[in-house]
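In: Fold the following for me, if possible:
(3 chains)
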Amino acid sequence: MAGLELLSDQGFRIDGRRVHELRKIQCRLGVFSQADGSAYIEQGNTKVLAAIRGSKQKTLHDKVLVNCQYSMATFSTGERKRRPRGDRKSQEMTMHLRQTFDAAILTNLYPRSQIDIFVEVLQSDGGNYCASVNAATLALIDAGIPLKDYVCACSASFVNDSPIVDINYLEESSGKPEIIVATLPKSEQIVFLEMNSRLHEDNLSKVVDTAVKGCKDVYQILDTAVRDHVSQVATVHGWEN
Amino acid sequence: MKMRETPLSNCERDFIRSAIADKKRLDGRQPYDYRKIKITFGVDRGSCQVEIGETRVLAQVSSEITTPKQTRPSDGMLFINVELSPMASPGFEVGRRPDVTVDGNEVKIHPVEEKDPLPLSVHHMPICVTFAFYEQGKYLLVDPTDKEEKVMDGKMVVGMNKHREICSLQVTGQMLLLKDQVLRCSNIAVVKVTEITELIHNALDNDRQARGWETGMQYFLVLSLLIRVSPVNEKKDKGVGSIGEGGPSAWEVDNEMEQEVADEIQTVNKSDRSAEGNSRLSGNHGDDSEEEATCTLSKDDLHNPTQLQ
Amino acid sequence: MLTTKTFIKKTKKGGILKIVREHYLRDDITCGSEICEKCDNKSARPLQENPVNKSDVCKSPHYLIPDTNVVLHQIDVLEDSAIQNVIILQTVLDEVRHRSAPGYKRLKDALYNPDKHFYTFYTYVERQPGETANDRNDRAIREGVKWYHNHLSSKKMSVVLVTNDAENKRKASEEGLNVFTIHEYVKSLRDSSSLVDRLAQSGQNVSYRDKVEFPEHLSLSVIQKGIKSGKYVQGSYMASRENYLEAYVSVHDGDKMIFIQGHMNLNRAIHSDIVAVEMLPEDEWSCPSSLVLEEKEEKVDEENIEMEDEKVKKRKIPKELQQPTGRIVGIIKRNWRQYCGIIRPSTTRHLVIPAERRIPRIRIETRQAADLASQRIVVAIDSWPRNSRYPNGHFVKKLGTIGDKETENEVLLLEHDVPHSNFSEAVLSCLPKLPWVITEEDMKHRQDLRHIDVCSVDPPGCTDIDDALHCRELENGNLERIDMVPELLSSNLCSLRCDVDRFAFSTLWEMTHDAEVVKVWFTKSVIFSRASLTYAEAQMRIDDKSMNDNITKSLRHLNKLAKILKRNRISNGETNSMVEEFMLLANVYTAKKTLEEFPDCAMLRRHPSPPPSNFDPLIKAAESKGFKMDVSCGKALADSLEKAVIPADPYFNTMLRIMATRCMMQAVYSDIIVHRLLAVCIGADASYPSLTDKHKTQTLCNNLNYRHKMAQYAGRASVNLHTHNALQILIPKYGLEGTLRVHRHVVKQYSPVFHRVIVQISIDQSNVQHLKLSIKLVEPVIPGFSVAPAKKEEEEDGPPRKKVKT
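Out: So this is what the prediction gives:
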């Protein structure tokens, strides 16, 4: 009788957000000193750690080789299931991340080099890809690697004729369409786009718009975090002004 | 990075690219043309061969009775097995399952001689259309061939049914797209999907006539595989769908008898499984030749078409 | 970013799965009052500055905050226009949603209604250690009231908590809040007399003179255990139409029906409840009494119902007739709705006799009994205490004077669960504005069939014309037939009246003159009906050789085709069956189409095959005339029906077929969902945004729309298959069917099935709720039973027939 009401008549979602509201995002740059760059991000209950390592390689002589490794901590989900690295889901995610950043990093600046991006999902509550992308972006910035722009990712769904942004696990598993977009927010260029479940073509535009708008909101937060971090580092090093 | 296949020579690469810039393609198609699709059904039910240009796919469907999962007692199970690397091509099937009658706890499976096997019912038929992008989306090709794919920046795969519902959509590759480009592709996909659906229906009609099934309603099991263009000699793609599950069969009502009964068409509506059937597997070590198998197949419903007539 | 505080709720489920959910608490929710200056004044503010609730207990202007139970049980009161400016706390809303779907729907309707000035407000209270969920909710409600109290006190606006929970009330008044029970509050309202009637009866400890003591219902947990262990079975309760002391429980898994008999065994279950049944030992098994037993008007209350039960038990049941019999031990879910009925006034507590025969009388308390006596009213059931012979309920509203056409209409709609209340704004805004014209946009997706001479054929006086037909000869010699159903559901737009443009879904056939279908397709269309004909008019046109206009030609074609289509059935094509024939064809083809296009959406109902025992009456009836029926499968049955023809008696076969249908329908009739509209609706337009969701709604609409029709159908079909003391009479001339009550000895004396009789018919108005067709036997003459022929008029028109069940 009482199924989940994903969107109440008063316009609130299950967790109390309105349709256009992101979950609370908290992030930190430079969480590890061993890695060349690192970042930690919390998007609601989804918590992701990203680290960057640089090294040499020989295969590609004209650009940098971007390598990714995505994994989920065994304690990250509700089910107590062993999640060995390299399962198919992680492989897929790894590939998506690699493609995303291959497109966003100015790869020709580092020939014969390799950038390793390690992403570990510590806690999962929907939007793993998005949080991973956002964390990796921050980590890359922390490592000082030139990017075309921040890469921001955000998901969206479509409930009761209304698009909703940044969906959590509950909304993800409701069987409603899920669209995941990674963009370069300034130019609104789409780096990655994936959708599953059935969505009528007429609604595609609305949902993509919502996700892209979400990416821009994420960008604002990430940018503030980066600026704060930089000014903090600057203070420590006495580089003020 | 491992490359399993010989990469194109720079020369060939440049040639294809410049041809695309001139709106020309190696096989003489226009940018938005689909390759020629040929659909052949095997002698046995449940077997079908589809040719899209130089790509050939054989699909075979088989079924067996199994114990359903405890959590989903009224659903059957579906297994899809794709051999060899795939890309866009709809392979599909005219599968039949034996009729099943359940009387109390006794389940009787009618041999084919006793009752005509029933067609599987398919919820909807998603068709995949692939778009390849060149020069950061400046040029766009529909249904790229193997070689065209090797030089593309990235691609977009749209799975859509004829009701214009997008079932899956994926943009991959190292390129940047604008929203409008995505929307344009989905619009093109609408047209292509309609064409291909029509084609499949025609093929099924022909098959039905060839089999002398003029009256029965046609259901078919669609196995929509994304089959990668591969040279003709290495064909061994095989999709195996296994449908288990019995259930109460419709009481067979003679059509002429009473109209009231004919009104009660019994159909089963089960949640759409397409999401579950969707699996995407990518190349192990991040090589470029990803394998994709987007398989959308609906489970079999209990339905007795004879009631309809 | 508007998110404010984050709070994490942790829930454990099944011990293994740990669910961690976020919960965003907001500080941007406004109080919704017009007088408030503190809140953001841009958002909606439905609560009025000067609320009109005039109460003696709270004289200052105030808003009401009801608790969950008040909303659940007193929704009829809250829906009254006298109650306005109500704050529904989210806690309450959620609880209502979990506990009662219809209640939730009604509450939502009230929230939507701008005239009601209802507002939803959110409070969040964390559960304290040791606190039950209920206590937490109560506290949350009190917190909400307190918040409003503080928030609005500077504006001289009070808030009133309405709760019937003594503990909650005590705590609230300790906290200095205004709190009343709903009864106190409503009674204090000026001009509240009608409202008081609508209060649900809460009095549990009233004693009744009924001298009954029903067995206690088991608690849900006991039932659940019992069901698991197999001691009890769960099923839906279906009261018998014919005998108020009998019912069946249809068990979900499987096609099993459990028979229930007698007051104590029925144990206060009401039609359509979900109940738990315990099987009786086999030696107590019983069978339907095969008597039509209606609750008598007189003094039945006084009679000890145990006596009645005893009477029932005394019957000797032959072993072979026994059916699995059980007794109801508990109610899993009540499926009460509101019932139409008429009141039978007595001193204070009055009995309402529901229009639906399967519902027991309902006892209500009202002061306006005298006024209501001549009215059709709607009542709701509140409870059925163990010591009461009848369930207790309360008055909801009047529908109007008995016999008034509008009123009777509404009763029909209500009783068949067709939403009869005014449509909400949202619904109305979806409909085209009146006056309604066809726009360019509309024409884009439609085929213009206005040039075709379409007409409709319906029974006389039919207001909703829902089928239009057409047939014309094509150039290639084939016939093109079109069948149309209207598209919109609203009354004016819906009916395919003649001489106006209408949207329709059309099914087009190309057929040969031998009625072989060459081609069939479906389209959305615009049509222009040339004539609305009655069956008789249509028949006249067909027969009148002088008429040769397009419509008549079309009708003749149709008739011809119908005849051919029917050639395996009856050879004479009355117009009546012509329409049915084509509807059948349309059904079959649209169903096919729907299945092809939307195998997942063309969801209808599956139902079990009728058990062979259902066919017993048919077999017996046929045997009496020397035919043998093979009911092993549909085909065999059809074949045997085919053979059962008495040349001298062309109706025999028809009647046999009718019977066969009923035998099949009996198990399923109430649930047949005619899918025709559904099929056409979605088959025509393949690309409609949010198709999947839309047709869910459509299914619903159609379902509701059709239930009305189907219920009539069902009523007709369910005619007492089991009655021993009555004869079924079919009068072909009027398409009427009725029951002729006879004494047993008459049946014995004169019992052949399918015999021709002459009867006299009139309308029996003795029971205003159920106008009955009264049938009196004229011929054969049975002394002391048959009546003298009235006028010779009876005899001229094809002799009526009768069939008897023995």
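In: Which strands or helices does the lengthiest helix in chain A pack on?
Out: When chain A is scanned for its longest helix (criterion: DSSP state H), the result is helix A:201-237. The contact analysis (3 or more CB pairs under 8 Å, 6 or more residues apart in numbering or on different chains; DSSP states H and E) places helix A:201-237 against strand A:25-29, helix A:128-143, strand A:152-159, strand A:162-165, strand A:178-184, strand A:189-200, strand B:165-173, helix B:179-211. C-beta: built from backbone N, CA, C; applies to glycine.
In: what's the angle from it to helix B:179-211?
Out: For helix A:201-237 against helix B:179-211, the angle by axes from the mean of the first three to the mean of the last three CA atoms, to 10 degrees is 140 degrees.
In: Buried residues, helix A:201-237. List them.
Out: Within helix A:201-237, the residues that qualify as buried by neighbour count (16 or more other CB atoms under 10 Å in any protein chain shown) are A:201, A:203-204, A:207-208, A:210-215, A:217-219, A:221-222, A:225-226, A:229.
In: among the helices and strands packed on helix A:201-237, which is nearest C:E537?
Out: Between C:E537 and the helices and strands packed on helix A:201-237, the shortest gap by CB to CB is with helix B:179-211, which sits at 42.7 Å.
In: so A:G54 touches A:I117, yeah?
Out: No - when contacts are counted by CB atoms under 8 Å, A:G54 is not listed as touching A:I117 (10.5 Å).
In: ok, the two, which is more surrounded?
Out: Remark: of A:G54 and A:I117, A:I117 carries more neighbours, 29 against 16, as counted by other CB atoms under 10 Å in any protein chain shown.
In: okay, now the nearest residue to the more buried one once chain neighbours are set aside: neighbour count?
Out: Of all residues not flanking A:I117 in the chain, A:C68 sits nearest, at 4.7 Å (CB to CB, 6 or more residues apart in numbering or on different chains). As a burial measure, A:C68 scores 23 neighbours (other CB under 10 Å).
In: Report the secondary structure element holding A:C68.
Out: Following DSSP states H and E, the helix or strand that holds A:C68 is strand A:65-72.
In: could I get the following helix or strand past that strand in PDB with only the CA atoms?
Out: Elements were assigned by DSSP H and E; along the chain past strand A:65-72, the next helix or strand is helix A:88-104. Once side chains and other backbone atoms are set aside, the C-alpha atoms of helix A:88-104 remain, and they are given as PDB (Å, rounded to 0.1, in the frame of the first residue of the first chain):
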ATOM      1  CA  ARG A  88      32.900  -6.300 -13.900                       C
ATOM      2  CA  LYS A  89      31.300  -3.300 -12.400                       C
ATOM      3  CA  SER A  90      34.500  -1.900 -11.200                       C
ATOM      4  CA  GLN A  91      36.100  -2.600 -14.600                       C
ATOM      5  CA  GLU A  92      33.400  -0.700 -16.300                       C
ATOM      6  CA  MET A  93      33.700   2.200 -13.900                       C
ATOM      7  CA  THR A  94      37.500   2.200 -14.400                       C
ATOM      8  CA  MET A  95      37.100   2.400 -18.100                       C
ATOM      9  CA  HIS A  96      34.600   5.200 -17.900                       C
ATOM     10  CA  LEU A  97      36.800   7.200 -15.500                       C
ATOM     11  CA  ARG A  98      39.800   6.700 -17.800                       C
ATOM     12  CA  GLN A  99      37.900   7.900 -20.800                       C
ATOM     13  CA  THR A 100      36.600  10.800 -18.900                       C
ATOM     14  CA  PHE A 101      39.900  12.100 -17.800                       C
ATOM     15  CA  ASP A 102      41.700  11.200 -21.000                       C
ATOM     16  CA  ALA A 103      39.400  13.800 -22.600                       C
ATOM     17  CA  ALA A 104      39.800  16.400 -19.900                       C
END
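In: Please name every helix or strand in contact with helix A:88-104.
Out: Counting by 3+ CB pairs under 8 Å, 6+ apart, helix A:88-104 packs on strand A:65-72, strand A:113-123, helix A:128-143, strand A:189-200, strand B:165-173.
In: bridging residues for C:M279?
Out: C:G326 (DSSP bridges).
In: From C:V251, how far off is it?
Out: Distance, C:M279 to C:V251, by CB to CB, to the nearest Å: 11 Å.
In: Name the residues contacting each of the two.
Out: Contact criterion CB atoms under 8 Å, 6 or more residues apart in numbering or on different chains; residues shared by C:M279 and C:V251: C:V233, C:I258.
In: low-scoring stretches of the stretch 1-150 of chain B, by residue?
Out: Along the stretch 1-150 of chain B, segments meeting pLDDT under 70 span B:1-6, B:43-46, B:62-124.
In: what are the ranges of the helices in it?
Out: With DSSP state H, counting those that start in this stretch, the ranges of helices along the stretch 1-150 of chain B come out as B:10-21, B:146-150.
In: quick one: which of those is nearest chain A?
Out: helix B:10-21 (12.2 Å; CB to the nearest CB).
In: which other helices and strands contact that closest one?
Out: Contact here means 3+ CB pairs under 8 Å, 6+ apart; on that basis helix B:10-21 packs against strand B:127-134, strand B:139-142, helix B:146-150.
In: hmm, 6 Å instead?
Out: Counting contacts by 3 or more CB pairs under 6 Å, 6 or more residues apart in numbering or on different chains; DSSP states H and E, there are no secondary-structure elements packed against helix B:10-21.
In: what's the angle from that helix to strand B:127-134?
Out: For helix B:10-21 and strand B:127-134, the angle between their directions (the same axes, to 10 degrees) works out to 110 degrees.
In: Which single residue in chain A comes nearest to chain C?
Out: Across chain A, the shortest distance to chain C (CB to the nearest CB) belongs to A:G16, at 3.7 Å.
In: Many thanks, have a good one.
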